[in-house]
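1. Show me how the following folds:
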Amino acid sequence: MSAIGVLSPMSQSRRDRENLTLHGKIAFFMSSWYVLSGMTLFGNKYIMSVLGTDPNLLAASQMVSTAFFGAVNMYLPQLLGVGKQTVTPLSSQPLRNFMADMALVGVMRFTTVILGLVSLKYVAVSFTETVKSSAPFFTVLFARLILGERTSMMVNLSLIPVVGGLALCSATELSFTYIGFFAAVANNCIDCVQNVFSKKLLSTHYNYTNLQFYTSAAALVFQLPLILYWHAGSWWRSEHAWDPWLAFVLLLNGIAFHMQSVMAYAVMGLISPVSQSVANTLKRALLIWLSILYFGNPVTWLSAVGTALCIGGVFSYNHARRKYPYQPPEPLLPTTSDPRKAREGYECVPQSFNGNGATESSEPPINAHVGSS
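-> Sure, this is the predicted structure:
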């Protein structure tokens, strides 16, 4: 007992230190995630609006950065002889399946990056982030269509303020343009399809690290030929084509773009998926508020109400997903009084004895076939 009494305070102290370390890690990674997301978002707006850079060039620089750092993370330790050999999705499945997956996800990633930047170019940052906040609605829709996932009635009801807030914000947004709006909505839809498809891939031969690398490389395969076709001639003719300041800003933006994903994955490994979703919603709300202050975008009170309604709906959605998960109806099983058949999928019906010592089922015989089809 004395030994236990001596060790107990030490164990408690160790647990306290571990909890403090965990909370410190969460605070560090989450704050880094927020800062890097803000740097990427505001950097995108600055590069396109102030420096006049084409969205295709900005998207290509971000994909090059992500593919480069992903390749370093995956292959450099093995090349230096300090990492163990790992099985990659390229070697663990038929080449045809790998190429088909990467072609589909590469096109989607390339398209979402381009559409997101086009939206930023034509509408305010706050409006773009509000549209992105409505992602739960599209996620539920495409998860139902692609994966067959069902959601409870409470989850579906929580999506009403999300859609209503987006509609109100769109109708009263002063910077509204159809190009920016449809680019943002299309980006949301394709991004949700990509997330659902990526979730399916993560259950097979992929993990977060190699999936991010392969999707970035696949997006570049589709993107670079278009970039060279549209801009190669002007780059060689224009004296401002290789502006050092633009190259430096693109480099910083690419690093921030990659590191925000790294920080998001780090946070994902420390907290629950619901907490991650809430943190992402808070991040979007903070970026909306900061963008209004930084860019000085005029906002009507109805647009502000719409934004608040959309953000509040996302919080309700996260709460409903946790508190009211979908409960599938229990199938009706064929009934039987034979325990041997019960092990084969029949519902075993309790037996009672009659006066003659014979057994009789407590249910009428006709119910023995209910639900057998």
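2. what residues are up against the closest residue in space to P298 that isn't next to it in sequence?
-> The shortest distance from P298 to any non-neighbouring residue, by CB to CB, 6 or more residues apart in numbering, is to L174 (5.3 Å). For every residue, glycine as well, the C-beta is placed using N, CA and C. Going by CB atoms under 8 Å, 6 or more residues apart in numbering, L174 touches N297, P298, V299, T300, S303.
3. what about the stretch 101-250 of the chain, any weak spots by pLDDT?
-> 230-242 (pLDDT under 70).
4. same thing but at 50, please
-> 240 (pLDDT under 50).
5. would you list every one of the helices in it?
-> Assignment of helices within the stretch 101-250 of the chain using DSSP state H, counting those that start in this stretch yields the ranges 125-133, 135-142, 153-172, 178-202, 208-237, 244-268.
6. just to revisit the earlier point, drop anything exposed from the contacts of L174.
-> Among these, the ones that count as buried by 16 or more other CB atoms under 10 Å are N297, V299, S303.
7. Adding secondary structure and distance to V64, write these out as CSV.
-> What follows is the buried ones among the contacts of L174, written out as CSV (DSSP: H, G, I helix; E, B strand; the rest coil; distance: CB to CB, whole Å):
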residue, secondary structure, distance to V64
N297, coil, 31
V299, coil, 35
S303, helix, 36
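8. ok, so of those, who is nearest S92?
-> N297 (48.5 Å; CB to CB).
9. For the closest one, which residues are in contact?
-> Applying CB under 8 Å, 6+ apart, we find N297 in contact with A124, V125, S126, L174, S175, S291.
10. how far away is the second one from V35?
-> Just to be clear, that refers to V125. Using CB to CB, to the nearest Å, one gets 16 Å for the distance from V125 to V35.
11. and if you look at the fifth one?
-> Counting by CB to CB, the gap from S175 to V35 is 25 Å.
12. Looking at those two, which one has more neighbours?
-> Counting neighbours by other CB atoms under 10 Å for S175 and for V35 shows that S175 has the greater number, 18 against 14.
13. Can you name the residues that contact the residue nearest to the more buried one when sequence neighbours are not counted?
-> Excluding the flanking residues, the one nearest S175 by CB to CB, 6+ apart is A124, at 4.2 Å. When contacts are counted by CB under 8 Å, 6+ apart, A124 touches E173, S175, S291, F295, N297.
14. before we move on, back to that, which among the helices of the stretch 101-250 of the chain is found nearest to F110?
-> Closest approach to F110 among the helices of the stretch 101-250 of the chain is made by helix 208-237 (4.0 Å; CB to CB).
15. How about the closest one, which residues are buried there?
-> Residues of helix 208-237 classed as buried by neighbour count (16+ other CB under 10 Å): 210-220, 223, 227, 231.
16. low-scoring stretches of the stretch 251-373 of the chain, by residue?
-> For the stretch 251-373 of the chain, the stretches flagged by pLDDT under 50 are 341-373.
17. 70 instead, please
-> Along the stretch 251-373 of the chain, segments meeting pLDDT under 70 span 272-277, 330-373.
18. show me where it has helices.
-> Using DSSP H, counting those that start in this stretch, the helices found in the stretch 251-373 of the chain span residues 273-295, 301-323, 339-342.
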